[in-house]
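Chemist: Could you work out the structure for the sequence below:
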Amino acid sequence: MEGSRPPGDTSRRRAVDRVSVPTLFGRAMLLHCPRCGGGDILRHWFKMKKRCATCNLALERGEAHDYWLGAYAINLVVAEGFSVVVAITYVIVAWPKVNWTAAGWIAGVLAVLSPIVFFPFSRTLWLAWDLSFRPHEKGD
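Modeler: Predicted coordinates for the structure are as follows:
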């Protein structure tokens, strides 16, 4: 289909650039390309593909050595915050007969597993955040 458009036709590019910020983040939460909504952007749980197969967006947008620092920060805050909230909720629900050993285990296991589970979501959310500020970059 790409060859059927006249040279210089940017209608596809304009259509994907007019995506609202909530749509970008909604697609990211589904582990889809934030820009076009195309799925299959993960090579595996810990690695994204180089480009979206649907819109050809470069999923690493130029700063290869430090681009994902924001995603790591999102992952740390959300995953560890979730662990703390669950542990505090357990303590409140079990009060006054709190099993402190169980509370410690719950918090510890969640503190280790939550960042692993949330990892690809943090990357797609960071990509959505970046696209909301920089929709066009050389190489996209």
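Chemist: going forward, measure contacts between C-alpha atoms and count neighbours the same way
Modeler: Will do.
Chemist: quick one, what contacts the nearest residue to residue 54 once chain neighbours are set aside?
Modeler: Excluding the flanking residues, the one nearest residue 54 by C-alpha to C-alpha, 6 or more residues apart in numbering is residue 38, at 5.6 Å. Applying C-alpha atoms under 8 Å, 6 or more residues apart in numbering to residue 38 gives the contacts 32, 52-55.
Chemist: Quick one: find the helix or strand in this protein with the lowest mean pLDDT.
Modeler: Counting by mean pLDDT, DSSP states H and E, the chain has its least confident helix or strand at helix 11-17, which shows a mean of 49.
Chemist: Would you mark the buried spots in whichever helix or strand comes after that one?
Modeler: Next along the chain after helix 11-17, taking DSSP states H and E as the criterion, comes helix 21-29. The neighbour-count check on helix 21-29 (16 or more other C-alpha atoms under 10 Å) flags 21, 24-29 as buried.
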